[in-house]
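A.B. asks: with the sequence up front, the predicted model follows.
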Amino acid sequence: MAKRKPKLQIPPDQASDRDLSTLLSYGPSFLPYVAAWTDSRIEQVRNFKHWIYIAIRTIARQVASQIPNISWVEHNSYDSPRSNYLRSKALIPLLSHEDLKPVPNNHPLMRLMKDPNDPDTSYDLWYETILYHHLTGSAYWWMPRNALGLPAAIWVVPSHWMWPIVGKDKLIEGYEIRPIEGNYFRKFLPVEEIVVFKDKSPISKIDGFSPLTAGAQWGDTAEMINRSRWHAYRNGTFPTVAIQFDGKYQDPSDEDLRRIESKFMSRYTGETRTNRPMFLPPGVSVNPLSLSMNQMLFGETAQEVRDNILALFGVPASAAGLTKDMTYGSVMASHAAFMQQTINPILRYFGQVITEKVANRYDDTLKVWWEDITPHDPELTEKQIQTDLMCGAITPNEVRIMRGRQPYPTAWGDNPILPVNVASTSMGGTHLPSTQPLSSPNDNKELNP
């Protein structure tokens with residue numbers, strides 16, 4: 001009889017991060033780690049202007065306008081059309097046997113998300129989180145705990161105020177707040193009270209990687225163009241005509257030039273004097289001037305840099321308010337791409353971080369998630385519904401949920417809608433009762449004249 005192989009022993013806990021924290025604890029000169037960031041975060045937040053401001057504001061407004069959902073995950077215990085619809089819209093990973101059951105409005109985590117602290121609203125919370133996340137690559141929530149050890153509030157701490165403190169047994173033992181707006185005190189925050197949202201960095205294990213770092217030269221070029229434009233208008237001269245004297249005139253004095261200029265301006269400038277004839281003395285002629293600005297500053301180069309910055313943040317031109325020469329269909333397609341490729345990944349990532357770092361403190365079956373906000377193509381949706389109606393693959397309640405309406409409370413609403421010429425159908429030996437299609441009285445008259 002063959003011997004049975006012993007089962008593979010899996011360690012109960014994950015490997016400790018003590019080894020990695022040791023690498024970060026001491027530098028080459030064996031001095032304490034001073035927690036220097038890989039980028040100047042103060043410089044990054046000062047770039048919140050021009051097209052960078054427009055791009056980040058566009059994303060922040062869209063994210064802040066979405067309301068997160070909080071649900072329990074149950075195993076095949078909440079089967080309904082609405083549950084199936086939630087599964088199809090949820091931006092969270094779910095197994096085939098898992099269903100979502102929303103928590104009540106008085107759940108403590110739900111109340112915390114709706115009112116994170118006294119001065120801020122939920123909109124402020126998400127706007128400020130996106131603001132620092134996209135400027136510095138990292139955003140920080142400080143969640144002080146109450147007597148039960150649960151979060152009592154949520155504060156977004158400016159990323160350039162936060163400095164990590166490496167521990168002996170932990171990668172990060174805590175963070176020290178160092179405000180820069182004045183002569184303020186410093187405060188140490190334990191890592192258990194901090195939630196970090198960050199884009200992974202190829203340089204550091206503790207620092208995020210900002211879009212401004214990846215596109216630093218684009219941002220610098222845009223800044224130089226804007227500065228050059230400003231000085232071009234400030235220092236430039238833009239005359240439209242030139243007064244020319246022939247050789248008979250001697251070099252006029254400054255006083256004569258001012259007198260001539262004053263007389264010319266009083267007679268021929270202003271909208272009420274448009275197209276008036278000019279009467280000039282002998283030997284004087286007027287030549288029109290056409291001076292163009294530097295095309296590097298005001299032409300294709302500036303637009304190219306603008307498009308690069310918008311693409312860096314994943315914001316289409318139409319979402320930033322640039323809708324020139326665009327049709328309604330192209331604007332809607334651009335909006336759908338913005339939701340699917342930029343906003344949805346952000347919401348999916350935020351949901352996973354909050355679920356792991358916050359929701360698990362209340363209940364390990366809780367999940368925080370957002371719905372897929374990609375707008376549906378209305379024409380495609382109508383065609384899909386019609387196709388489902390032809391083969392009896394959709395119920396009245398499913399249609400009502402898709403329309404944003406409440407389902408019918410009776411069981412009739414969960415029966416499939418069958419075509420008029422089909423009395424019943426069977427699936428795997430189970431006979432489903434026929435359901436008359438929803439029709440108006442006029443339709444009945446046509447069927448039964």
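C.D. replies: Cool, the structure landed.

A.B. asks: tell me how far Val73 lies from Pro108.
C.D. replies: With distances taken as Cβ to Cβ, to the nearest Å, Val73 is found 18 Å from Pro108. The way it works is simple: take the backbone N, C-alpha and C, and place the C-beta from them, glycine included.

A.B. asks: and if you look at Pro409?
C.D. replies: 30 Å.

A.B. asks: what about those two, which has more around it?
C.D. replies: Neighbours around Pro409 and Pro108, counted as other Cβ atoms under 10 Å, are more numerous at Pro108. The numbers are 14 against 8.

A.B. asks: and that one, what does it touch?
C.D. replies: For Pro108, the contacting residues are 150, 362, by Cβ atoms under 8 Å, 6 or more residues apart in numbering.

A.B. asks: gap between it and Lys114?
C.D. replies: For Pro108, the distance to Lys114 - Cβ to Cβ - is 11 Å.

A.B. asks: burial count for the closest residue to Gln340 other than its chain neighbours?
C.D. replies: Computed as Cβ to Cβ, 6 or more residues apart in numbering, the closest residue to Gln340 that is not its neighbour in sequence is Thr374, at 4.5 Å. Look at Thr374: counted by other Cβ under 10 Å, it has 16 neighbours.

A.B. asks: Thr374 and Phe338 touch, don't they?
C.D. replies: No. With contact defined as Cβ atoms under 8 Å, Thr374 does not reach Phe338; the gap is 9.3 Å.

A.B. asks: gap between the spatially most central residue of the chain and Ser201?
C.D. replies: Among the residues of the chain, the one closest to the centroid is Ile59, at 3.0 Å (Cα atoms, centre = their mean). Per Cβ to Cβ, Ile59 is found 20 Å from Ser201.

A.B. asks: can you check Ser40 too?
C.D. replies: Distance, Ser40 to Ser201, using Cβ to Cβ: 15 Å.

A.B. asks: so between the two, which is more surrounded?
C.D. replies: Taking other Cβ under 10 Å, Ser40 and Ser201 do not tie; Ser201 has more neighbours (17 against 11).

A.B. asks: leaving out sequence neighbours, find the closest residue to the more buried one.
C.D. replies: Spatially, and ignoring its direct neighbours in sequence, Ser201 is nearest to Phe209 (3.8 Å; Cβ to Cβ, 6+ apart).

A.B. asks: where does that neighbour land in three-state SS?
C.D. replies: coil (DSSP: H, G, I helix; E, B strand; the rest coil).

A.B. asks: from Phe48, how far off is it?
C.D. replies: The spacing between Phe209 and Phe48, counted by Cβ to Cβ, is 18 Å.

A.B. asks: between these two, which has more neighbouring residues?
C.D. replies: Neighbours were counted for Phe209 and for Phe48 using other Cβ under 10 Å; Phe209 has more, 19 against 15.

A.B. asks: still on that earlier bit, ok, now which ones touch the residue nearest to Ser201?
C.D. replies: Shown in contact with Phe209 (Cβ under 8 Å, 6+ apart): 137, 198-203.
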